[in-house]
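In: what follows is a protein structure lacking sequence information:
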């Protein structure tokens, strides 16, 4: 029972104090589950993130579900996802109740303007950490750059990019296995 409380507390703490969504949460989740608790190794965490990104839904909740399941089965996934979602739900509910009264307040507007650059940095850190863990190097950096360009500049649906990348990975692996 203590492990379930610890699992809930880890995700609740991260969900309460992280701005910027799922990508900003990833380094904190990794630090807690991989570095501090050693419940997952880096490869397992990277696999959870990859599957969570490919699955529909909110990234942080998907990571919580997958890592909770890996550690404690079905009830671990329920516990972790509740821990990740509950604080955000309560905070958003409170903001929704009171924000309309203060949204035009200059102090509130300045606070939100100051938060924006910090959120960009919080999202950039896990991107670089994931790239390093995934083995992105000078020979393979073109792959995420091309994928980002397709989605951002050419407005190609991410679904097609993911399917093409999966097919390319499968073909590459198949070719590598045939090579002598």
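Out: All right, it came through fine. Predicted, not measured: the structure shown is a model, and the values here were computed from it.
In: average pLDDT for stretch 43-58, rounded please.
Out: Stretch 43-58 shows a mean pLDDT of 89.
In: apologies, that question was intended for stretch 6-15.
Out: According to the model, stretch 6-15 has a mean pLDDT of 93.
In: what does stretch 63-80 give?
Out: For stretch 63-80, the per-residue pLDDT averages 94.
In: how far out from the middle of the chain is the longest helix along the chain?
Out: Longest helix of the chain, by residue count under DSSP state H: helix 59-102. From the chain centre to the centre of helix 59-102 is a distance of 13 Å (Cα atoms, centre = their mean, to the nearest Å).
In: that helix - contacts with which helices or strands?
Out: helix 2-17, helix 22-30, helix 42-54 (3 or more Cβ pairs under 8 Å, 6 or more residues apart in numbering; DSSP states H and E). Every residue, glycine included, has its C-beta placed from N, CA and C.
In: and the next helix or strand after that helix with helix 59-102, angle?
Out: For helix 59-102, the following helix or strand on the C-terminal side (DSSP states H and E) is helix 106-133. In terms of direction (axes from the mean of the first three to the mean of the last three Cα atoms, to 10 degrees), helix 106-133 departs from helix 59-102 by 170 degrees.
In: so which bits of helix 106-133 are buried?
Out: Using 16 or more other Cβ atoms under 10 Å as the test for burial, helix 106-133 gives 122-123, 126, 129-130, 133.
In: could these go into TSV alongside distance to residue 32?
Out: Listed next are the buried residues of helix 106-133 as TSV, based on distance: Cβ to Cβ, whole Å:
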residue	distance to residue 32
122	16
123	19
126	14
129	14
130	16
133	16
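In: now, which of those residues sits nearest residue 159?
Out: residue 130 (20.0 Å; Cβ to Cβ).
In: hmm, that closest one is touching residue 46, no?
Out: Yes - counting by Cβ atoms under 8 Å, residue 46 is a contact partner of residue 130 at 7.0 Å.
In: quick one: neighbours of residue 65, just the number.
Out: 23 (other Cβ atoms under 10 Å).
In: how far away is it from residue 135?
Out: 25 Å (Cβ to Cβ, to the nearest Å).
In: okay, now the domains of this structure?
Out: 2-135, 137-180 (automatic domain parsing).
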